[in-house]
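Student: give me a model of this one.
(chains A and B)
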Protein chains: 2
Amino acid sequence: MTQISEAKQGKITKQMKDVAKNENIDVEIIRRRVASGKIVIPFNSIHSPKSLGIGKGLRVKVNANIGTSREHCDIKEEVEKAKVSMDAGAHAVMDLSTGGDLDKIRTSLLKTVDVSFGTVPIYQAGIEAIEKRGSIVDMTEDDMFHSVENHARQGVDFAVVHVGITKESVRRLQRQKRLIPMVSRGGAFHMAWILHNEQENPLYKNFDYLLEIAKEYDLTLSLGDGMRSGAVYDSNDRAKFQELLIIGELVEKAREKGVQTMVEGPGHMPLNDIQSNIEVMKKVTREAPYFVLGPLVTDIAPGYDHFVGGIGGALAGFCGADFLCYVTPAEHLSLPDKNDVREGVIATRIAAHAADLARGIDRDVDFNFSKAREDLNWDEMFALCIDPKKAKEYREKRLPLEDTNACSMCGKLCAIEMVKKYLKEEVKTLKKLLSYINNFFDYTLI
Amino acid sequence: MTQISEAKQGKITKQMKDVAKNENIDVEIIRRRVASGKIVIPFNSIHSPKSLGIGKGLRVKVNANIGTSREHCDIKEEVEKAKVSMDAGAHAVMDLSTGGDLDKIRTSLLKTVDVSFGTVPIYQAGIEAIEKRGSIVDMTEDDMFHSVENHARQGVDFAVVHVGITKESVRRLQRQKRLIPMVSRGGAFHMAWILHNEQENPLYKNFDYLLEIAKEYDLTLSLGDGMRSGAVYDSNDRAKFQELLIIGELVEKAREKGVQTMVEGPGHMPLNDIQSNIEVMKKVTREAPYFVLGPLVTDIAPGYDHFVGGIGGALAGFCGADFLCYVTPAEHLSLPDKNDVREGVIATRIAAHAADLARGIDRDVDFNFSKAREDLNWDEMFALCIDPKKAKEYREKRLPLEDTNACSMCGKLCAIEMVKKYLKEEVKTLKKLLSYINNFFDYTLI
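Tutor: Next up, the predicted model:
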């Protein structure tokens, strides 16, 4: 019993109802898109998170990656980061821990996180292989499947599986001669394993077995982007598209078997490659939900990669990406702390909202905010803005001294105030305009 | 003798040569584009700034706005902000002061700033009218022209003139019923003046006289975006396009008379309106250089508007905008301080560079950076990145403890390190690849 298998039988689950309500879309549309795999609802009943819909016609969602590393491991800090992520508005949280007691960290986080929760099971399999047998390449097939099942049994809602890293795509990567061959950690685990053992990726070879595990827990599979480009120079190359073609086939297989899947993408990519990447991905997967990291539209801005990823994420969302994985300012430099996590979530929420607006979603949010701005109603602006705390700090840093309700940038020369005085007639008609607004926004572009 | 009049006569100035060299483009192409008004070089010989080319085929440039307000006025702070702007890489600085001794502030800044320097002369005319006669609407025609000439005589390189705010465009604005009728300060001055005095905008009516002044000093006119939208709801509306049609006619007149012009745009605008806005602007002005503020792709993120403007600016640059006016995190909230100025310049430089990459410019910059990343050569990465100070701070905050040259996010699980070990053959071929690179990037998309 998975969301997709229920939907295929014409049944509407509580989660589909929640999604329909949250997104203000007819539940029958939601059901049909879940059935066809165009929307996923990552929901493992053992964890039972808030219902989250990802995919066609829905708002663009934001994921926050947290987790320890071998370099820095503090469970309390990770729990704190999870809370910060949710407070800042992340729709999902992923635990990418690679240091410390991984099961303990995961179960602690699962208790804290009430939104959809994702992991990358191959990390644990690889790390335990290092501990038990000395090297990642000594992972057994059982280690890999066991790790996926272990996570699912603990309540994980969605898990990354790098099933597109195969002998075929690795060969294509070797011929590609990339500037940076691979930056995906999970992808690198699998490639090393394939090359060292001269065998096919077990998760690909025995994909049916993976689907059986996923189906039992309704674990949504996020088909990992092991070949994502780590430099704009390498973007949209043959290696990446080869992986995508393999993934496209697996998506269809999963749908047949009643398993929910989404597909991961980009990495580093110049702005001019984003639209084609997303259009091709949507074609070859028959509109699977697209979970993108970044895209990072330049390589040269470490310290600002939340912003670099936000530029790419906004355009990606506008072009059809469904789920944005945040990047923090610490990306490429160090493990993020909780402030970095907050910055990352906010930047990515702005990008997601910009994409929504461009797709005709939530325009009333900006309308209401700007109505408050026209009225210079600061309390209302703070209530409606994306980060009231920061906005208040800026206004209070330099309050106007003159007798004006404007801000200290213009004071009494505020254009809004001036225009009100000299364009009174128009101000009156604005009041009328407000009454039209409910009708005007009573539609959703799909 | 202006850059455009020289170019029309087939003459190549020192400034054209500098631009050709900086941009790595044949000087004859630069000359032809200056002659046809597709490139401007704002250069008043009284100030004699570094040569800056703005327009077709050139890198996207960044402008930083500084200046006092009636609320906060400290010359030293403004001089400091100008220095911070230039250190952070701004290509031009504009003084938008509205408080204190405006001539003194401007002449101080002109001494400090060695890049192109812009102003909005109508501010001074309006403020002096308030002081002398009680109200902005009591400005005389002479006040307006006098202010432009005064700025030009002091050495200003480019000046904003709101010549598209006319009886015709104001009437169209009244019929438009906007959410926020007008947010341009200079635009509001002119609209108030037109409505109160029931007369045509003198800068429009006597545009020929304005051109005479501009020609004498080779003052580049930046045709102001008085009708820019202040809410995404109001974007790309009839009022805005009416102003643009008027401006398009004036651009052609200025070119005939040998005066350099650029055109200002956007404001608040959802992502889906940006491409059409820029394409229409480029058509109706026959490819005048486009100087854009933002565009701000959502209204609801005060405190982050440098980032919101960066998202819009990156896409705008990719679509053809030539010159990005930064926005600081303080926008809409208070007068920015020097830290805000720095954040604004860096964010906008990232956007401009992302646009350049998408247009095929400066790809070798990212290639060289990513080569250093592949080599985990941190010194080289810091040397090549956009803000070395910030990047170093992040890396040093949590240096790896293990014996690895990677960062503390992955430590010994660094994908780059792993791949090197298992994909040795490919690493060797990468060395060869480097020798191709000079040839590969030896072109410019125009």
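
Student: would you agree residue A:267 is in contact with residue A:182?
Tutor: No: contact criterion Cβ atoms under 8 Å: residue A:267 and residue A:182 do not qualify, at 10.1 Å. Just so you know, the C-beta spots here come from the backbone N, C-alpha and C atoms, and that holds for glycine as well.

Student: more neighbours: which of these two?
Tutor: A count of neighbours by other Cβ atoms under 10 Å in any protein chain shown puts residue A:182 above the other of residue A:267 and residue A:182, at 29 against 25.

Student: so how far is residue B:420 from the more buried one?
Tutor: 10 Å (Cβ to Cβ, to the nearest Å).

Student: with residue A:111 instead?
Tutor: 39 Å.

Student: neighbour count for the two, which is higher?
Tutor: residue B:420 (19 against 12).

Student: which residues of chain A fall in strands?
Tutor: Along chain A, counting by DSSP state E, strands occupy A:39-40, A:54-55, A:61-66, A:92-95, A:116-119, A:158-161, A:220-223, A:261-268, A:290-296, A:323-325.

Student: ok, the fourth one: who's next to it in the sheet?
Tutor: Right, the one you point to is strand A:92-95. Next to strand A:92-95 in the sheet, as set by DSSP bridges, lie strand A:61-66 (parallel), strand A:116-119 (parallel).

Student: which residues does the shortest one contact?
Tutor: Residues outside strand A:116-119 that contact it (Cβ atoms under 8 Å, 6 or more residues apart in numbering or on different chains): A:42-43, A:47, A:49-50, A:52, A:63, A:91-96, A:106, A:109-110, A:151, A:155-160, A:222.

Student: buried subset of those as a PyMOL selection?
Tutor: Buried subset of the contacts of strand A:116-119, written as a PyMOL selection, criterion 16 or more other Cβ atoms under 10 Å in any protein chain shown:
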select buried, chain A and resi 42+43+47+49+52+63+91+92+93+94+95+96+106+109+110+151+155+156+157+158+159+160+222
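
Student: quick revisit: hey, what's in contact with both of residue A:267 and residue A:182?
Tutor: Joint contacts of residue A:267 and residue A:182 (Cβ under 8 Å, 6+ apart) are residue A:230.

Student: my guess is residue A:196 contacts residue B:423, does it?
Tutor: No: contact criterion Cβ under 8 Å: residue A:196 and residue B:423 do not qualify, at 10.8 Å.

Student: these two: who's more crowded?
Tutor: Neighbour count, other Cβ under 10 Å: between residue A:196 and residue B:423, residue B:423 has more, with 21 against 14.

Student: not counting its neighbours along the chain, what's nearest that one?
Tutor: Excluding the flanking residues, the one nearest residue B:423 by Cβ to Cβ, 6 or more residues apart in numbering or on different chains is residue A:181, at 5.6 Å.

Student: what sits against the nearest residue to residue A:34 once chain neighbours are set aside?
Tutor: Nearest residue to residue A:34, sequence neighbours excluded (Cβ to Cβ, 6+ apart): residue A:7, at 4.0 Å. Going by Cβ under 8 Å, 6+ apart, residue A:7 touches A:13, A:16, A:31, A:32, A:34, A:35.

Student: pretty sure residue A:6 contacts residue A:13?
Tutor: Yes: using Cβ under 8 Å, residue A:6 is in contact with residue A:13, at 5.4 Å.

Student: what pLDDT does residue A:415 get?
Tutor: At residue A:415, the pLDDT value in this model is 79.

Student: stretch A:401-410 and chain B, any residue contact?
Tutor: Yes: legend: contact between stretch A:401-410 and chain B by Cβ under 8 Å from any Cβ of the partner chain is shown at A:401, A:402, A:407, A:408, A:409, A:410.

Student: with stretch A:213-231 instead?
Tutor: Yes: Stretch A:213-231 reaches chain B (Cβ under 8 Å from any Cβ) through A:230, A:231.

Student: and that stretch, end to end?
Tutor: 35 Å (Cα to Cα, to the nearest Å).

Student: cool, and stretch A:44-57?
Tutor: 23 Å.

Student: and that stretch, which residues are buried?
Tutor: Buried-residue list, stretch A:44-57, by 16+ other Cβ under 10 Å: A:44, A:47, A:49, A:51, A:52, A:53, A:54, A:55, A:56, A:57.

Student: quick one: those as JSON lines, columns for pLDDT too.
Tutor: Putting those into JSON lines (pLDDT from 0 to 100) gives the following:
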{"residue": "A:44", "pLDDT": "98"}
{"residue": "A:47", "pLDDT": "98"}
{"residue": "A:49", "pLDDT": "98"}
{"residue": "A:51", "pLDDT": "98"}
{"residue": "A:52", "pLDDT": "98"}
{"residue": "A:53", "pLDDT": "98"}
{"residue": "A:54", "pLDDT": "98"}
{"residue": "A:55", "pLDDT": "98"}
{"residue": "A:56", "pLDDT": "98"}
{"residue": "A:57", "pLDDT": "98"}
